[in-house]
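# how would this look folded up:
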Amino acid sequence: MLEVDPCATAVDVNTEELHSSPCLIIQGDMMKPSGWLISIEGHVVMSPHPFFLHGVAAFFSSYYVFNLEYPAAGSSTLEFIQRCFLGINPERGLKRPRCGTQ
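Numbers count the residues shown, from 1 in each chain. This next block holds a predicted model:
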């Protein structure tokens, strides 16, 4: 997650350092966000929306829509949130990279 000014637009956010993997961008304070945006491959693809839970849903959906793996640094946490809080439990396959071969 990236935190930006509450009045920031998609154009303002594009000038900042963005990740190539999907990123949920929070407008305003992390504990009381005024809105959210989503970036993929360094570009904002969803403009500001007011409901944070919709942002979380869109963030996780983007991994499935674009058939992406979770980044290795946070893959276990994202997999846990996906399975325990969102109830997305595929019978086969993971969104995180596999560890080891055995």
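
# for the closest residue to M1 other than its chain neighbours, helix, strand, or coil?
In space, not counting the residues next to it along the chain, M1 is nearest to L24; the distance is 5.0 Å by CB to CB, 6 or more residues apart in numbering. Just so you know, the C-beta spots here come from the backbone N, C-alpha and C atoms, and that holds for glycine as well. Secondary structure for L24, judged by DSSP: H, G, I helix; E, B strand; the rest coil, is strand.

# what's the burial count for L24?
Per other CB atoms under 10 Å, the neighbour tally for L24 reads 19.

# which residues are contacting the lowest-mean-pLDDT helix or strand in the chain?
Across the helices and strands of the chain, mean pLDDT, DSSP states H and E gives its lowest value to helix 10-14, namely a mean of 77. Helix 10-14 has contacts (CB atoms under 8 Å, 6 or more residues apart in numbering) with 2, 4-5, 25, 37, 39, 42-44, 47-48.

# among the residues you listed, which ones are buried?
4, 25, 37, 39, 44, 48 (16 or more other CB atoms under 10 Å).

# Of those, which is the nearest to E91?
Using CB to CB, S39 is the member of these that sits closest to E91, with 30.8 Å.

# Need the three-state assignment for that closest one.
At S39 the chain is in strand, as set by three-state DSSP.

# With V44 instead?
What three-state DSSP gives for V44 is strand.

# Which parts of the protein are helices?
10-14, 52-65, 75-80 (DSSP state H).

# what's the most buried one of those?
Mean neighbour count (mean count of other CB atoms under 10 Å) peaks for helix 52-65 among these, with a mean of 16.

# What mean pLDDT does it get?
Mean pLDDT, helix 52-65: 88.

# what's in contact with it?
Residues from elsewhere that reach helix 52-65 (CB under 8 Å, 6+ apart): 22, 24, 26, 33, 36-38, 40, 45-46, 49, 68-70, 78, 81-82, 86, 88, 95.
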